[in-house]
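Chemist: Kindly generate the corresponding structure for this input.
(2 chains)
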2 protein chains.
Amino acid sequence: MSISRLHGLYVEYLQKNAFQGHPKNLYDPMRYIMELGGKRIRPILCMTGSEICGGTAEMALPIAHAMEVFHNFSLVHDDIMDRADQRRGLPTVHKKWNEPTAILAGDNLLVKAYESILSFGGEQRDAILGLFSKTATEVCEGQQDDMDFAERNEVSEAEYLQMIQFKTAVLLGCSLASGAMVANAKQEIIDGLYEFAIAIGMNFQMMDDYLDAFGDAGKTGKISGGDIMEGKKTWLYIKSMEMHADTTLWFNETDLSKRVTLVQKQWIEMGLDQLILAKSKEYNQRGLDILSSLSTMGVKTDGLLEILDFLAGRTH
Amino acid sequence: MSISRLHGLYVEYLQKNAFQGHPKNLYDPMRYIMELGGKRIRPILCMTGSEICGGTAEMALPIAHAMEVFHNFSLVHDDIMDRADQRRGLPTVHKKWNEPTAILAGDNLLVKAYESILSFGGEQRDAILGLFSKTATEVCEGQQDDMDFAERNEVSEAEYLQMIQFKTAVLLGCSLASGAMVANAKQEIIDGLYEFAIAIGMNFQMMDDYLDAFGDAGKTGKISGGDIMEGKKTWLYIKSMEMHADTTLWFNETDLSKRVTLVQKQWIEMGLDQLILAKSKEYNQRGLDILSSLSTMGVKTDGLLEILDFLAGRTH
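Modeler: Model prediction:
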């Protein structure tokens, strides 16, 4: 399978390129977050992009690494902002060290992401730097929108979709597209791959919302209903407001696990469980449509189909 | 005078290139910190570097801007780490907004600093990107060292000098050297200019320490003895430890302004006021020596002499 092969290749590269330097209190947290694990989906997308456009996974490694380093920069800073104590069952950087160190370690990771792209010798380096900077700014904008939404009473569906596209999907787009750029792919193929990754990123976010509200905590490893307990403005929340759900019912219930049951029941009665699955299917179909048009351009899309299924939670 | 002309030129550029975008809560703080004022010494150094190497101030503007944007990124994040409430008499970004927003605004400023270099079309762009990334990492390392030193009992003079070189001086070096790179200067000139800016940066830091301990608060605008009250590990503090100062004397004094008087008296008796002035003079002389060797290479050094005097506090 392509995913596990590329995962292995990246982890090996990461071990060889582990961050080291003085002071220890700056470089230890950088290594710590990088080695916490995870799906490594961004480097996998990047290496896949190179392979399917006639390049190799190996030549994409510095760019693949930059995507993962940037992702980890955003995790370290987001965890401070979200006051998260744990990540993957271990203390977050600002909990294990402290906030100033977590801010700095994040900053230096962002610099190292740029440095990794700068170390790439291919002819599309400047174009990759440009796409990466645009993406980095969009991720900041998405995160600020997310924080702003928490303070607002009303958020439209369009605003929410724009926010998650920036916060999550564009870095997937950048990862896959920059991999294709490594292999000097044609612009229309780069654009198609970018849109494909956006679609599977949006689908991933929809499934994440669905599983939180209706999934089985035993399988997902997350507390089912966590978003509901927090009153988080997810797609389901926003959609239920749009459909004039009677929220007084749930906010009057102070027992949080009872509140979750109430909301789940209400949302199922409103048909929201089916509606979000339909929305997810829509993004999935968009991804498949892009794949078939990429096929007609001569791109081998098997690896991407595997990633689409993987991200939609249909394997692993 | 060269300084005020270049200051005006940069401020005009800054106004034309004010950060704008959505969300407002991300871009307002970015504009706020950029417009708080300051000496703009980094862009002035950069434009000077270009002018004295046969280029123009105007062609260096995107690079000069990157240096100032990076400096402001570091101010926003350092103010969070140092829990500073005010900067230039106005609330710091995390006080006016909040910490998450200050973290993100800083992150986006760092991205914008890179973007400004990327927008530069000159042939030395890649070399400037490399020097800038190296500098950015050193600034992070210096800041972490500074925080670590606060927790340690003993810090050597060499460690302290290394720390302030990274935390403060290298960005001045990068600013001046990258300006020379804009004008495609020879490597030995670039290197000389870099070392010159390091020397005046170190001198600036020495004078800053001197003025805090022995200066006149009326003139400097700072609370005289602020570093002493905080027990900050400045050059004077470290040097007095090395000379076996009797610290029990001051730490037994709980009245902070009385403590300042005690420490000042002790340090003057030990000759530390003269010693730090001698150290400052040493860096000043190093700067002057580099200028005369640059002169023999055909570099017009008048503008740099003006900056050397300006930073040492001899004008304005």
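Chemist: who in chain A is up against chain B?
Modeler: Residues of chain A lying near chain B by Cβ under 8 Å from any Cβ of the partner chain: A:21-23, A:25-26, A:73, A:77, A:80-81, A:99-101, A:103-104, A:106-108, A:110-112, A:114-115, A:118, A:126, A:129-130, A:133, A:136-137, A:140-141, A:143-145, A:147-148. All C-beta atoms are positioned from the backbone trio N, CA, C, and that covers glycine.
Chemist: Filter the residues you listed down to the ones in helices?
Modeler: Counting by DSSP state H, the residues of chain A next to chain B place A:25-26, A:73, A:77, A:80-81, A:99-101, A:103-104, A:106-108, A:110-112, A:114-115, A:118, A:126, A:129-130, A:133, A:136-137, A:140-141, A:143-145, A:147-148 in helices.
Chemist: are any of those residues buried, and which?
Modeler: Among these, those buried by neighbour count (16 or more other Cβ atoms under 10 Å in any protein chain shown) are A:25-26, A:73, A:77, A:80-81, A:100-101, A:103-104, A:106-108, A:110-112, A:114-115, A:118, A:129, A:133, A:136-137, A:140-141, A:143-145, A:147-148.
Chemist: Mark out where each domain of chain A begins and ends.
Modeler: A:1-185, A:186-316 (automatic domain parsing).
Chemist: of all those, which gets the most neighbours per residue?
Modeler: domain A:1-185 (a mean of 20; mean count of other Cβ atoms under 10 Å in any protein chain shown).
Chemist: chain center to it: distance?
Modeler: 9 Å (Cα atoms, centre = their mean, to the nearest Å).
Chemist: How about stretch A:240-260?
Modeler: Here the centre of stretch A:240-260 is set off from its chain's centre by 28 Å, with Cα atoms, centre = their mean.
Chemist: what's that stretch in contact with?
Modeler: The contact list for stretch A:240-260, computed with Cβ atoms under 8 Å, 6 or more residues apart in numbering or on different chains, reads A:Glu154, A:Glu157, A:Ser224, A:Gly225, A:Ile228, A:Met229, A:Leu262, A:Val263, A:Gln266, A:Trp267, A:Met270, A:Leu272.
Chemist: Just name the lowest-scoring one in those, pLDDT-wise.
Modeler: On pLDDT alone, A:Ser224 ranks lowest of those, at 76.
Chemist: My reading is that that residue lies in a strand. Confirm?
Modeler: No - A:Ser224 is assigned coil when assessed by DSSP: H, G, I helix; E, B strand; the rest coil, not a strand.
Chemist: Go ahead and confirm it touches A:Val263.
Modeler: No - if you go by Cβ atoms under 8 Å, A:Ser224 and A:Val263 don't touch, sitting 11.4 Å apart.
Chemist: overlap in contacts of these two?
Modeler: Shared contacts of A:Ser224 and A:Val263, counting by Cβ under 8 Å, 6+ apart, come down to A:Ala213.
Chemist: Mind checking the pLDDT average for stretch A:114-128?
Modeler: 97.
Chemist: what's the span of it, first residue to last?
Modeler: Across stretch A:114-128, the terminal residues are separated by 10 Å (Cα to Cα, to the nearest Å).
Chemist: So what touches it?
Modeler: A:59, A:62-63, A:65-66, A:69, A:129, A:132, A:178, A:181-182, A:184, B:114, B:118, B:126, B:129-130, B:133, B:137.
Chemist: so which strand or helix has A:Ala278?
Modeler: Using DSSP states H and E, A:Ala278 maps to helix A:272-296.
Chemist: How far off centre is that helix?
Modeler: Distance of helix A:272-296 from the chain centroid (Cα atoms, centre = their mean) equals 17 Å.
Chemist: So which elements touch that helix?
Modeler: The elements that helix A:272-296 packs onto, with contact taken as 3 or more Cβ pairs under 8 Å, 6 or more residues apart in numbering or on different chains; DSSP states H and E, are helix A:187-214, helix A:235-242, helix A:302-311.
Chemist: Please tabulate the domains of chain A in TSV, including the columns distance to B:Lys95.
Modeler: Rendered in TSV, the data for the domains of chain A read as follows (distance: least, Cβ to Cβ, whole Å):
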stretch	distance to B:Lys95
domain A:1-185	16
domain A:186-316	26
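Chemist: Which among those is found nearest to B:Asp302?
Modeler: Nearest to B:Asp302, of all those, is domain A:1-185, at 34.9 Å by Cβ to Cβ.
Chemist: Tell me which residue lies nearest the centroid of chain A.
Modeler: A:Thr168 (4.1 Å; Cα atoms, centre = their mean).
Chemist: ok, and the closest non-adjacent residue to A:Leu275?
Modeler: Residue nearest to A:Leu275 in three dimensions, not counting chain neighbours: A:Lys239, with 6.6 Å by Cβ to Cβ, 6 or more residues apart in numbering or on different chains.
Chemist: got it, and A:His77?
Modeler: Once flanking residues are discounted, A:His77 sits nearest to A:Gly106: 4.5 Å by Cβ to Cβ, 6+ apart.
Chemist: who touches the helix holding A:Ala278?
Modeler: By Cβ under 8 Å, 6+ apart, helix A:272-296 touches A:189, A:192-193, A:195-196, A:199-200, A:202-203, A:206-207, A:209-210, A:213-214, A:235-236, A:239-240, A:243, A:267, A:301, A:304-305, A:308, A:312.
Chemist: let's see 6 Å
Modeler: Contacts of helix A:272-296 with the rest of the structure, by Cβ atoms under 6 Å, 6 or more residues apart in numbering or on different chains, involve A:192, A:195-196, A:199-200, A:202-203, A:206-207, A:210, A:214, A:236, A:301, A:304, A:308.
Chemist: again with stretch A:176-183
Modeler: Against stretch A:176-183 from outside (Cβ under 6 Å, 6+ apart): A:45-46, A:49-50, A:53-55, A:59-60, A:63, A:122, A:124, A:127-128, A:190, A:193-194, A:197.
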